[in-house]
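J.: can't give you the sequence, but here's the structure:
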DNA sequence: GCATTATATACGTTTTTTCGTATATATGGT
DNA sequence: ACCATATATACGAAAAAACGTATATAATGC
């Protein structure tokens, strides 16, 4: 299923979802607890927004034991992927994205990524 | 005043505003009646969304007699201008943008632009 | 000054979206 | 089997946004 332009920008319109997407654009793949920690939000909220992003086909998920990892959908239209990449580049040092990344990097006991392919 | 990333994507999240921005990205500058005709929406609706875009500093206006012309704000951060340009390029042949442009081009009695500078 | 045209804005309503809490479900460890 | 941990989802409420109609305001032409 292809992602409509309307739905793409609607997905980006929520601050929480935008922060999630910016982190995924930087880090490639993250699990729910990492995103929850980095954004300092309650877990159901992160989960719900991830659900919306998944339903909209912006992200894909992968389960590894108890952990569920999310990444940007590699099959996004090229222009959408470019919009996300440009936004991530332009906002590297802009709040709240800067703090989100910092918090992620400083998180203790991040799930091991040994088997990430 | 600088446009926050959140506000930028919130502005793009509404289908009507997105169509307006796509037309402005293509045509440079358009007046309210041209946008109203191209989108086939009631005039107060177009005016209201233009008002929101102006307040958010995405567009600037210019009065010429009774007509008020709108254009993309040339002082947008470069990455935002690029996002709009890329979106417009990628969606040239996508509905409803294609029909919007067609309707604009076929509009009779468009306000003269002889004195546009 | 009045009529016409162009556009902005107020108003109350409707629609859409987001939210926190509670809880359901899945997996792993003992 | 039970407990702990990770995550998804239901629920009702709250918040935010969009809407159409009516009307206000501004400019132009006669």
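T.: That came through fine. Predicted model, so just to flag it, every value in this text is computed and none were measured.

J.: Does residue A:100 touch residue A:24 like I think?
T.: No. Using Cβ atoms under 8 Å, residue A:100 is not in contact with residue A:24, being 11.0 Å away. C-beta here means a position set from N, CA and C on the backbone, and glycine is covered the same way.

J.: What helix or strand is residue A:18 located in?
T.: Assessed by DSSP states H and E, residue A:18 sits inside helix A:15-27.

J.: That helix and DNA strand D, any residue contact?
T.: No. Helix A:15-27 lies out of reach of DNA strand D by Cβ under 7 Å from any atom of the strand, never closer than 9.8 Å.

J.: Show me what that helix is packed against.
T.: Here helix A:15-27 touches helix A:5-12, helix A:32-39, helix A:43-55, strand A:67-72, helix A:78-90, helix A:97-105, helix B:5-12, going by 3 or more Cβ pairs under 8 Å, 6 or more residues apart in numbering or on different chains; DSSP states H and E.

J.: Quick check: mean pLDDT of that helix?
T.: For helix A:15-27, mean pLDDT is 97.

J.: Contact partners for the residue nearest to residue A:13 when sequence neighbours are not counted?
T.: Distances taken as Cβ to Cβ, 6 or more residues apart in numbering or on different chains put residue B:13 closest to residue A:13, at 3.3 Å, once the chain neighbours are dropped. Applying Cβ atoms under 8 Å, 6 or more residues apart in numbering or on different chains to residue B:13 gives the contacts A:9-10, A:12-13.

J.: now, the most widely separated pair of these?
T.: A:10 and A:12 (7.4 Å; Cβ to Cβ).

J.: out of the two, which sits in the more crowded spot?
T.: Applying other Cβ atoms under 10 Å in any protein chain shown to residue A:10 and residue A:12 shows that residue A:12 carries more neighbours, namely 26 against 20.

J.: Can you tell me the closest non-neighbouring residue to the more buried one?
T.: Residue A:12's closest residue in space is residue B:9 (Cβ to Cβ, 6+ apart), at 4.3 Å.

J.: Which residues of chain A lie near chain B?
T.: Contacts of chain A with chain B, taken as Cβ under 8 Å from any Cβ of the partner chain, map to A:5-6, A:9-10, A:12-13, A:15, A:18, A:77, A:79, A:82-83, A:86-87, A:89-91, A:94.

J.: When you filter these down to buried only, what's left?
T.: A:5, A:9-10, A:12-13, A:15, A:18, A:79, A:82-83, A:86-87, A:90-91 (16 or more other Cβ atoms under 10 Å in any protein chain shown).

J.: Low-confidence regions, chain A specifically.
T.: A:1, A:112-117 (pLDDT under 70).

J.: circling back: quick check: angle from the helix holding residue A:18 to helix A:5-12?
T.: For helix A:15-27 against helix A:5-12, the angle by axes from the mean of the first three to the mean of the last three Cα atoms, to 10 degrees is 90 degrees.

J.: relative to helix A:43-55, how tilted is helix A:15-27?
T.: Computed by the same axes, to 10 degrees, the angle separating helix A:15-27 from helix A:43-55 equals 70 degrees.

J.: quick one: buried residues of helix A:15-27?
T.: Under 16+ other Cβ under 10 Å, the buried positions of helix A:15-27 are A:15-26.

J.: Off-centre distance for that helix?
T.: From the chain centre to the centre of helix A:15-27 is a distance of 4 Å (Cα atoms, centre = their mean, to the nearest Å).
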